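Colleague: no sequence on this one, just coordinates:
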């Protein structure tokens with residue numbers, strides 16, 4: 001006899017009865033009823049499996065397949081590993097299908113690639129391929145949503161890579177639930193991943209995102225795959241950022257920068273020049289931050305605006321940075337430096353649409369706020385980095401050498417950094433190395449926020 005179970009579509013939590021709000025994830029109107037049929041396999045004993053000693057396993061790494069798209073290969077850790085499963089998500093229209101079609105056409109030079117589209121017809125994909133010049137005889141297209149037909153087609157073609165666009169449209173005949181539900185997404189993804197591990201082809205799944213920007217469906221989907229990539233970008237800017245949130249075969253947090261054009265997505269090697277191309281000269285509230293995204297140094301402009309508030313509680317707003325950290329840093333600036341910001345609204349923005357999450361941005365944010373409040377611009381050729389504690393001390397951050405090299409290559413002659421990082425840079429004899437390749441900047445070490453403010457706004 002079939003039984004009913006109520007499953008949350010956001011967190012996959014199971015409940016005995018329907019409720020308007022899920023008690024596990026606190027989302028509203030996300031619980032739906034699913035029918036669970038009797039499974040004859042339940043209760044049967046399993047057989048013992050053959051094991052192998054860890055010392056007898058070959059450590060010879062499978063050769064990666066390059067996509068011939070440098071920025072995509074960078075995010076993947078050097079290329080696509082055969083037998084790996086990759087999940088890519090992003091807002092609608094951000095460029096997921098475009099970059100995958102470009103990569104599929106490049107990979108087709110190495111063997112057959114199967115592109116399964118569940119949202120578009122093959123004619124629509126062909127039109128996009130003509131526009132971005134992503135056509136190859138070994139790129140096979142099929143419009144399908146049925147899981148069993150997909151697996152049979154994969155077994156027949158034996159491709160080197162399979163792209164499923166998207167996993168939310170895939171359905172299995174063994175389940176009675178609707179497409180996109182937790183059970184359909186979980187079971188279909190599991191079957192496709194097991195098949196790619198068994199046959200050795202690479203699998204790329206396109207996932208929908210919720211209104212909050214997270215991947216839709218059960219969280220277990222991100223644990224099942226080998227790599228999770230997110231497409232970030234603003235519709236008002238032509239560039240897009242592909243970020244590796246998880247990667248079992250490469251560094252997590254690595255980013256690739258692309259520019260959207262009529263010919264598709266074009267990789268940008270010198271991303272720092274892109275983000276600083278429209279920076280204003282001698283403008284209060286503007287600071288250049290030397291940050292790290294994965295293994296890649298990146299220079300971005302942090303902007304701040306301080307204005308008298310008309311509210312009882314002053315407003316703290318940010319774009320590209322954590323708003324809670326902005327509120328904390330504003331309190332540090334007010335308490336440790338004595339800047340009266342309780343009657344002012346503070347707005348902070350990372351120009352160009354970039355998103356920065358590392359604490360090394362603290363010093364740049366505080367100097368931008370201080371510069372905007374005092375209406376004093378920082379030196380145009382100065383770049384900064386450093387974490388700020390609640391007592392106002394400047395804490396060291398990782399990879400100061402790479403940050404300094406990137407700033408020197410772009411012509412910055414002053415580097416404001418934590419004192420401990422300055423010692424590390426001196427021990428590495430970085431100044432002598434930079435004289436051969438770029439203009440050696442002046443290293444300015446600071447220990448406290450008050451000293452940093454005096455150095456930058458003298």
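Modeller: Yep, it's here. It should be emphasised that the depicted structure is a prediction, and the values quoted were computed from it without experimental measurement.
Colleague: switch to C-alpha atoms for all contacts and neighbour counts from now on
Modeller: OK.
Colleague: scan the protein for its longest helix.
Modeller: Criterion DSSP state H: the longest helix present in the chain is helix 182-199.
Colleague: okay, buried residues for that one please.
Modeller: If you call a residue buried by 16 or more other C-alpha atoms under 10 Å, then helix 182-199 has these buried ones: 182-189, 192-193, 195-196.
Colleague: so can I have JSON lines of these showing distance to residue 295?
Modeller: Shown next, in JSON lines, are these (distance: C-alpha to C-alpha, whole Å):
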{"residue": "182", "distance to residue 295": "35"}
{"residue": "183", "distance to residue 295": "37"}
{"residue": "184", "distance to residue 295": "37"}
{"residue": "185", "distance to residue 295": "33"}
{"residue": "186", "distance to residue 295": "32"}
{"residue": "187", "distance to residue 295": "35"}
{"residue": "188", "distance to residue 295": "34"}
{"residue": "189", "distance to residue 295": "30"}
{"residue": "192", "distance to residue 295": "31"}
{"residue": "193", "distance to residue 295": "29"}
{"residue": "195", "distance to residue 295": "32"}
{"residue": "196", "distance to residue 295": "29"}
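Colleague: pipe those residues into TSV and attach pLDDT and distance to residue 360 per row.
Modeller: Output for those, formatted as TSV (pLDDT from 0 to 100; distance: C-alpha to C-alpha, whole Å):
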residue	pLDDT	distance to residue 360
182	83	38
183	84	41
184	89	42
185	89	38
186	88	38
187	91	41
188	94	41
189	93	38
192	96	40
193	96	38
195	95	43
196	95	40
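Colleague: return the member of these nearest to residue 107.
Modeller: The closest of the buried residues of helix 182-199 to residue 107 turns out to be residue 196 (C-alpha to C-alpha; 16.5 Å).
Colleague: what sits against the closest one?
Modeller: 83-85, 202-203 (C-alpha atoms under 8 Å, 6 or more residues apart in numbering).
Colleague: out of these, who's nearest residue 26?
Modeller: Scanning those for proximity to residue 26, where the rule is C-alpha to C-alpha, the winner is residue 85, at 30.3 Å.
Colleague: from what I see, that closest one and residue 206 are in contact.
Modeller: No: assessed by C-alpha atoms under 8 Å, residue 85 is found out of contact with residue 206, at 11.0 Å.
Colleague: what about these two, which has more around it?
Modeller: Each of residue 85 and residue 206 has its neighbours counted (other C-alpha atoms under 10 Å); residue 85 has more, 26 against 22.
Colleague: so who does the more buried one touch?
Modeller: Contacts of residue 85 (C-alpha under 8 Å, 6+ apart): 193, 196, 202-205, 225-227.
Colleague: now intersect those residues with the strands, please.
Modeller: Using DSSP state E, the members of these that fall in strands are 202-205, 227.
Colleague: adding neighbour count and pLDDT, write these out as CSV.
Modeller: As requested, the ones in strands among the contacts of residue 85 are arranged in CSV below (neighbours: other C-alpha atoms under 10 Å; pLDDT from 0 to 100):
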residue, neighbour count, pLDDT
202, 23, 96
203, 26, 97
204, 27, 97
205, 23, 96
227, 23, 95
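Colleague: which one of those is nearest to residue 310?
Modeller: residue 227 (46.8 Å).
Colleague: so what's that closest one closest to, chain neighbours aside?
Modeller: Nearest residue to residue 227 in three dimensions, chain neighbours excluded: residue 247, at 4.2 Å (C-alpha to C-alpha, 6 or more residues apart in numbering).
Colleague: ok, so what distance separates that neighbour from residue 269?
Modeller: 21 Å (C-alpha to C-alpha, to the nearest Å).
Colleague: so which of the two has more stuff around it?
Modeller: More crowded of residue 247 and residue 269, by other C-alpha under 10 Å: residue 247, with 19 against 13.
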